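Novice: Sequence and predicted structure below; questions after.
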Amino acid sequence: VQLQAFGGGLVQAGDSLRLSCAASGRTFSSYVMGWFRQAPGKEREFVGRISQSGGRTYYADSVKGRFTISRDNAKNAVYLQMNSLKPEDTAVYYCAAGSTWYAMDYWGEGTQVTVSS
């Protein structure tokens, strides 16, 4: 499966932004989808993941209550709604797909999110 994240941009602290990830392939609905991010000079970190049906989600503590992951299997797409953005959310955001809940097998190109204070 090939993945492409988009929708990033420059926003102010407190703003909202929605990222999208488009996936190719006919088996999108069989994958757990995840979002990750990497800030300059830091290692990539987990943001959240969503189950194949969309019925189960899990988030990093740093974004819990502010970010929401959803998916549309009919459109081969997964979304990351980011509210109450903070400068520390500034990073390149990546979407990923995995055959199991914990293992991501495919990674897409990232999209830059910059939050100004």
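Specialist: Noted; the coordinates are in hand.

Novice: nearest spatial neighbour of the residue nearest to the spatial centre of the chain, skipping sequence neighbours?
Specialist: For the chain, the residue sitting closest to the mean C-alpha position, by CA atoms, centre = their mean, is Trp35 at 2.9 Å. In this structure, Trp35 finds its nearest non-sequential neighbour in Val47, 4.2 Å apart by CB to CB, 6 or more residues apart in numbering. For glycine as for every other residue, the C-beta is placed from the backbone atoms N, C-alpha and C.

Novice: can you pull the contacts of that neighbour?
Specialist: Contact analysis of Val47 by CB atoms under 8 Å, 6 or more residues apart in numbering lists 34-37, 59-60, 63, 67, 80, 93.

Novice: Could you say which of those residues is surrounded by the most neighbours?
Specialist: Using other CB atoms under 10 Å as the neighbour test, those are led by Leu80, with 27 neighbours.

Novice: Okay, that one and Arg71: tell me how far apart.
Specialist: 10 Å (CB to CB, to the nearest Å).
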